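Enquirer: Next input, structure requested:
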Amino acid sequence: MLEQYKDILSVSDAAKILCTGKNRIYALLEEGKLKGFRIGHVWKIPKQSLQDYILSQISMEKDT
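Expert: Predicted coordinates for the structure are as follows:
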């Protein structure tokens, strides 16, 4: 699905993948909807976490 990306993504990478702004990614991280971790002030997002988030959003759409 995201083979061209490394296993750990930046906020910019995640924003590009989801076609959204970086502020939305920061909000998802702060809300705990997207799992990530900080190194200093920089957020890092495991690729698997982003895939899990995408799949959870797809399943939410199917439920409605």
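Enquirer: Helices along this protein, start to end?
Expert: Using DSSP state H, the helices of the chain run over 11-18, 22-31, 47-63.
Enquirer: Of the ones you listed, which is nearest Ile39?
Expert: Ranking those by proximity to Ile39 (C-beta to C-beta) places helix 11-18 first, at 12.1 Å. Where you see a C-beta, it was placed from the backbone N, CA and C, and this is true even at glycine.
Enquirer: ok, back up a step: can I get the helices of the chain in JSON lines with mean neighbour count?
Expert: Formatted as JSON lines, the helices of the chain follow (neighbours: other C-beta atoms under 10 Å):
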{"stretch": "helix 11-18", "mean neighbour count": "18"}
{"stretch": "helix 22-31", "mean neighbour count": "15"}
{"stretch": "helix 47-63", "mean neighbour count": "12"}
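Enquirer: The ones you listed into a markdown table, with extra columns for distance to Gly40 and mean pLDDT?
Expert: Formatted as a markdown table, these follow (distance: least, C-beta to C-beta, whole Å; pLDDT from 0 to 100):
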| stretch | distance to Gly40 | mean pLDDT |
| --- | --- | --- |
| helix 11-18 | 13 | 98 |
| helix 22-31 | 15 | 98 |
| helix 47-63 | 19 | 91 |
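Enquirer: Throw those into JSON lines and include distance to Leu2, thanks.
Expert: Converted to JSON lines, the helices of the chain look like this (distance: least, C-beta to C-beta, whole Å):
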{"stretch": "helix 11-18", "distance to Leu2": "7"}
{"stretch": "helix 22-31", "distance to Leu2": "15"}
{"stretch": "helix 47-63", "distance to Leu2": "6"}
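Enquirer: Met1 is nearest to which of the ones you listed?
Expert: Judged by C-beta to C-beta, the one of those that comes nearest to Met1 is helix 47-63, at 6.1 Å.
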